[in-house]
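Trainee: Structure of the sequence below:
(3 chains)
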Amino acid sequence: MGKFKNVLMLLLMLLLLAACGNTSTEAPATESEGEGEAGTAGDAGEGGTAKYAFVFKNTGNPYGEKMYEGFEKAINEAGGEVIYRSPDQPTAEGQIQIIEQLITQKVSAIAIAGNDNDALEPVLKKAMENGIKVLSVDSAVNSNSRMLHVNQANPERIGRVQIQAIGEMINYEGQIAILSATSQATNQNLWIEWMQEELKDPKYANMELVKVAYGDDLRDKSVSETEALLKSYPDLKGIIAPTTVGIAAAGKVLTDKGLAGEVALTGLGLPSEMASYIENGVSPWMYLWNPIDVGYAAGYASVELVNGKTGALGETFEIGELGSFEVVEDGDGTQIMLGDPFKFDSSNISEWKDVY
Amino acid sequence: MNNKSLAEENYLPNNLANKKEFSLKSFFLQWEWLLILILFLVFIINSILSPYFLDANSLLGATSTFLDKAFIVFPMALIMIMRDIDISVGSTVALSGVVMATVYNSFGFPMEIAILVCLAVGALCGLINGLLIVKFKELSAVIVTLGTMILFRGIAYIILEDQASGNFPDWFNYFGWGTAGNIPFILIAFIIVAIVFTLLLHKTTFGRNVYAIGSNPTASRFSGVSVDKIRVIVFVLAGVMAAVTAIFLASRMGSTRPNVASGYELEVITMAALGGISTVGGKGRMLGTILAVFIIGFLQYGLGLINIPSQTLLIIIGALLILAVATPKLKLPKFLLRK
Amino acid sequence: MNEHVIQQTDNIEKHTLSNKLLANISKFRELGLIVFIVILCAFIQWRNSSFLTIENINDMITNAAILSILAVGMMLVLVTRGIDLSIGAIIALSGMICAQLVSQFSLNPLLIILIGIVIGIVCGVLNGVLIAKIGILPIIATLALMNVFRGLTYRISNGEWVSSYQMTDSFLSIATGKVFGINNLIVIAIVIYIIFYYVINHTVIGRQIYAVGSNPESAKVSGINENKILILVYSTLGGLSGLAGVLWVSKFASAQGDTATGYELTVIAVCILGGVSIAGGAGKVSGVLLGALLLGILQNALPLLNVSPFWQTGIQGAIILIAVILNTLVKRSVDRNNLVRRKI
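Mentor: Down below sits the predicted model:
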């Protein structure tokens, strides 16, 4: 009888694998519905449909999903096949593996939101040597490893506008703190530098930045860090959190402690995550750009690069319905820059919370 | 650990290894044949799914995408055979890499010295693990290496803070990117290390002692095996191989950061487990481990070529691990066994 | 793990001691940990006077509640010489499914808690069956299922999060509500600890779990159904993880696919700080409670101490190692004293 049971168990295991097999075969099918015609066209010859890859930081991140949505829309408009890849953890190691696989597949262009500024340089250089157009989007990779960066908004403006906002909220007086993502996050570190620059303006003379805390984009750690800020600085007047998990966690803490109106909160966050805390007044307003637009711009920029543009200074990129953008300087490299960050407050949050 | 008797009874490789006489049935029921079969299946499925997979250049090149962490799998196999485990290896990779970059960039030593320092730091991390485990026998290896995992990573953060450190000399790129003909250097290095560890485990007194400690630590202590010394040496080896991984990883990334190689420990343990190394001790062979490295590597690579989302890949690797480990444990019905 | 044979002989020696002496040892065994916690608290209070305020203590215990719930379940698994690496993934899976149910059907919070627990138990039973019936090693079985559960969570969520505005107030109040002025999370943790304390110390099942852990062979001889016990402990931990998933999502008002990644190691750290032996058979509810307290203090105090964020990880690792080693040394001297006393 015991053996009978064991055979049953084996069958169960096989079923489990079969179930997994089903989900796995379903996945690529849903992802590339257009592959039927596009794939055959690609096989027909080198001059066939170009393949455009979009690589985000990690899976299961709604911000990345929305960027992909825009990217896909752009490629569909321009004609081409789309590939969407991201590692399961936000690591550079995972992205290196993915880029190697994309090189083997001979894609035409790779748009990547980098997990590390420098670590992707060797593999992206290899991609460019193989004739693949490489651009970074949202989180830049260093200028040696890309042809162009699609910047969601001017980092200087992103940094300064948040200080201006918190200043207005607390009448330019009192202690403020910053709750960032991880200490290794290049985007956040750059914005914080600009925040500190803006604070040098004499109109902020009565404001003091007491601490930069890191919540590591983890809910539990961000909550602990927020609580610690409130306790260590009882006179704290405002918190800036330039990251979605951080600002939402801080919003939750301030809501639960009934501190709406006493400690102001602003920063950068997804409207869906922040809707509750903007509606209840904990955060009078906050900023973000439209990730769908950023992805859309990356899509069109990929197409332009494949069609012969080089990302050199002074070129003009046509970004579909967003209009045309001029390539400008960015340190050693070049970039195109979308508009200013968009302001979300109680008047418009309800229409955006279902969008992204 | 649970169901030890059941596990031993059904554990094919060991049962067969104990029998001296050769029988065709037992030969073909070995774990390694199952792995070879799986590897074969992986190749067939991948070649059907993607036109890019079966291409000598692509396959050889692919090995360099997953072999960096595979160096740790050998000492991990030794550790698991001895009933221990080391979950600090990912942090050791980060720490030794960070120290190497700092010695080169901040202290201005030549890269050759920096590489030696990297290996030394790895060895030191392993030594700390080994000594703590031997001196505090009440604490198991999980406890000690859990503590040092956090500590080593923490020291790496203290050294480099939020900076990346790179700008290595050009020849350093050869480790991760160089090729001899079509064969990546990292594959050659892997083969050499694989041979060394296979000989070490299967052809030396040291290897026999490792098995002896794994199957019965108390008995081997009484029979004059210096258990403590061997345990420390094996942990030092793990540290050194983690440092080797750090060198290859730093070369592939052109720079290093305190947060690299997180989660490597679980990937390495997965490879060793799939390779037939058992944590109840005393069992497993290097050949199985090597096969497992390639199974997981090519599976990831091949499914990556058809752009399967990484979350699905997680499910597949999990299910494969269960299936591979469970299959030989199931009692086959009589009509299958007695032909 | 190498040492469990030696420890077994130790254990046999200890069993021969009189019951009274045994009670004395057990009283003293956590002494090292208590002293360490007191010193640590004194130090933190000296550096930041807002540490020992009612508000902060309340926050600290609320934050540690979910951790302590998981730790007591993990203790049972460790006692049977097992380990469970899949609980972080179970938390995410149950949290994600429950959050989606809430956002679509606005179910009653009690029903949601029940659904979460059931999801967790199903996952736990899967773990238990692989380990007990098929005989896969716990570390490998749960590592594999960790991948499977995590992958499933991503597939179910489709990359989307469930946000605060999609959740009902009654669901959010699970974690913010109070009973007699005490936060619900703390109340739930206390109830669970009372139940576990009773079951472990005063029922047959409790004794059987420890028997399986300290000596599987003799447990089998004495007629204990080892498989049943193993499946029981894994499904219990699964159920607690499912519960923790609901509480987590309610507390943080957001469900993500990567919720609680790596949390299993934190939970295991709590258990070993609390003196649970990975070699099986040893571990007490009070010890685990102290372990959870120590880790809760660390997570609360490190930001309060205003140390550089780059030093936090290193300090945390050093404190865990020191606490474990100190506790071992204290235990050794307690045991030695007891042996000396016996000889006299």
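Trainee: any idea which helix or strand comes after the helix or strand in which C:Ile231 is found?
Mentor: Per DSSP states H and E: C:Ile231 is located in helix C:226-252. Downstream of helix C:226-252, the next assigned helix or strand under DSSP H and E is helix C:263-273.
Trainee: does that following helix come close to chain B?
Mentor: Yes. Helix C:263-273 reaches chain B (CB under 8 Å from any CB of the partner chain) through C:265, C:268-269, C:272. To be clear about C-beta, it is placed using only N, CA and C from the backbone, and glycine gets the same treatment.
Trainee: Report the distance from that helix to the chain centre.
Mentor: The chain centroid and the centroid of helix C:263-273 are separated by 7 Å under CA atoms, centre = their mean, to the nearest Å.
Trainee: other SSEs contacting that helix?
Mentor: Applying 3 or more CB pairs under 8 Å, 6 or more residues apart in numbering or on different chains; DSSP states H and E, we find helix C:263-273 packed against helix B:141-160, helix C:54-79, helix C:87-105, helix C:285-304, helix C:309-343.
Trainee: Which strands or helices does the last one pack on?
Mentor: Pointing back at helix C:309-343 there. Packed next to helix C:309-343, using 3+ CB pairs under 8 Å, 6+ apart, are strand A:207-214, helix B:141-160, helix C:19-29, helix C:31-47, helix C:263-273, helix C:285-304.
Trainee: and with 6 Å instead?
Mentor: helix B:141-160, helix C:19-29, helix C:31-47 (3 or more CB pairs under 6 Å, 6 or more residues apart in numbering or on different chains; DSSP states H and E).
Trainee: List the buried residues of it.
Mentor: For helix C:309-343, burial by neighbour count (16 or more other CB atoms under 10 Å in any protein chain shown) applies to C:309-321, C:323-325, C:327-328, C:330-331, C:334-335, C:338.
Trainee: Can you tell me which residues in chain B are near chain A?
Mentor: Selection of chain B residues close to chain A by CB under 6 Å from any CB of the partner chain yields B:52, B:58, B:65, B:162, B:164, B:166, B:253-255, B:259, B:304-312, B:314-316, B:319, B:323, B:326, B:330-331, B:333.
Trainee: Am I right that C:Ile194 falls within a helix?
Mentor: Yes. Applying DSSP: H, G, I helix; E, B strand; the rest coil, one finds C:Ile194 inside a helix.
Trainee: Near it, how many other residues are there?
Mentor: Neighbourhood size, C:Ile194 [other CB atoms under 10 Å in any protein chain shown]: 11.
Trainee: From chain C, how far off is B:Ile113?
Mentor: Applying CB to the nearest CB, to the nearest Å, the value for B:Ile113 to chain C is 25 Å.
Trainee: show me what contacts the closest residue in space to that residue that isn't next to it in sequence?
Mentor: Of all residues not flanking B:Ile113 in the chain, B:Val103 sits nearest, at 6.9 Å (CB to CB, 6 or more residues apart in numbering or on different chains). B:Val103 makes contact with B:109, B:114, B:117 under the criterion CB atoms under 6 Å, 6 or more residues apart in numbering or on different chains.
Trainee: Count the neighbours of the first one for me.
Mentor: Using other CB under 10 Å, B:Phe109 has 15 other residues around it.
Trainee: which residues does it contact?
Mentor: B:Val103.
Trainee: swap in A:Tyr84?
Mentor: A:54, A:68.
Trainee: Listing partners with orientation, what would you give for the strand or helix carrying it?
Mentor: A:Tyr84 belongs to strand A:81-85 when assigned by DSSP H and E. Paired with strand A:81-85 in the same sheet, following DSSP bridges, are strand A:51-55 (parallel).
Trainee: can you give me the mean pLDDT across the strand it pairs with?
Mentor: Across strand A:51-55, the average pLDDT comes to 95.
Trainee: swap in stretch B:35-48?
Mentor: The average pLDDT for stretch B:35-48 rounds to 87.
Trainee: now swap in stretch C:153-164 and tell me
Mentor: 89.
Trainee: Start and end of it, how far apart?
Mentor: 19 Å (CA to CA, to the nearest Å).
Trainee: In it, which residues are buried?
Mentor: Buried residues in stretch C:153-164, counted by 16+ other CB under 10 Å: C:153-155, C:157, C:159-164.
Trainee: can you tell me if that stretch touches chain A.
Mentor: Yes. Using CB under 6 Å from any CB, stretch C:153-164 reaches chain A at C:154, C:159-161, C:163-164.
Trainee: who's in contact with that stretch?
Mentor: Residues outside stretch C:153-164 that contact it (CB under 6 Å, 6+ apart) are A:59-60, A:62, A:65, A:272-273, A:276, B:311, C:92-93, C:96, C:99-100, C:103, C:253-257.
Trainee: any idea which of the buried residues of stretch C:153-164 is closest to A:Val303?
Mentor: Closest approach between the buried residues of stretch C:153-164 and A:Val303, by CB to CB: C:Gly159, at 24.2 Å.
Trainee: Quick one: check stretch B:288-298 for contact with chain C.
Mentor: No. For stretch B:288-298, no contact with chain C is found by CB under 6 Å from any CB; the gap never falls below 11.4 Å.
Trainee: tell me the mean pLDDT over that stretch?
Mentor: 92.
Trainee: Please identify the helix or strand for the residue nearest to B:Ile113.
Mentor: helix B:89-105.
Trainee: Using PDB, list the CA coordinates for that helix.
Mentor: Output in PDB follows, covering the C-alpha atoms of helix B:89-105 (Å, rounded to 0.1, in the frame of the first residue of the first chain):
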ATOM      1  CA  VAL B  89      29.500  33.200   1.100                       C
ATOM      2  CA  GLY B  90      27.600  36.000  -0.700                       C
ATOM      3  CA  SER B  91      28.700  38.500   1.900                       C
ATOM      4  CA  THR B  92      32.300  37.200   1.700                       C
ATOM      5  CA  VAL B  93      32.200  37.800  -2.100                       C
ATOM      6  CA  ALA B  94      31.100  41.400  -1.400                       C
ATOM      7  CA  LEU B  95      33.700  42.000   1.300                       C
ATOM      8  CA  SER B  96      36.700  40.500  -0.400                       C
ATOM      9  CA  GLY B  97      35.800  42.300  -3.700                       C
ATOM     10  CA  VAL B  98      35.300  45.700  -1.900                       C
ATOM     11  CA  VAL B  99      38.700  45.300  -0.100                       C
ATOM     12  CA  MET B 100      40.400  44.400  -3.400                       C
ATOM     13  CA  ALA B 101      39.000  47.500  -5.100                       C
ATOM     14  CA  THR B 102      40.000  49.700  -2.100                       C
ATOM     15  CA  VAL B 103      43.500  48.400  -1.900                       C
ATOM     16  CA  TYR B 104      43.900  49.100  -5.600                       C
ATOM     17  CA  ASN B 105      42.200  52.400  -5.800                       C
END
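Trainee: any idea of the mean pLDDT in it?
Mentor: 96.
Trainee: re earlier: in helices only, show me the contacts of B:Val103.
Mentor: B:114, B:117 (DSSP state H).
Trainee: What parts of the stretch 101-250 of chain A come near chain C?
Mentor: So far as CB under 6 Å from any CB goes, the stretch 101-250 of chain A lies against chain C at A:183, A:214, A:219, A:224-225, A:227-228, A:231-232, A:248.
Trainee: Near chain B, list only the ones from those residues.
Mentor: Answer for those near chain B (CB under 6 Å from any CB): A:Ser183.
Trainee: now, which of the residues of the stretch 101-250 of chain A next to chain C sits nearest A:Met195?
Mentor: Out of these, the member with the shortest distance to A:Met195 (by CB to CB) is A:Tyr214, at 14.8 Å.
Trainee: State the distance from the closest one to B:Arg231.
Mentor: Note on A:Tyr214: its distance to B:Arg231, by CB to CB, to the nearest Å, is 38 Å.
Trainee: now swap in B:Val103 and tell me
Mentor: Applying CB to CB to B:Val103 and B:Arg231 gives a distance of 29 Å.
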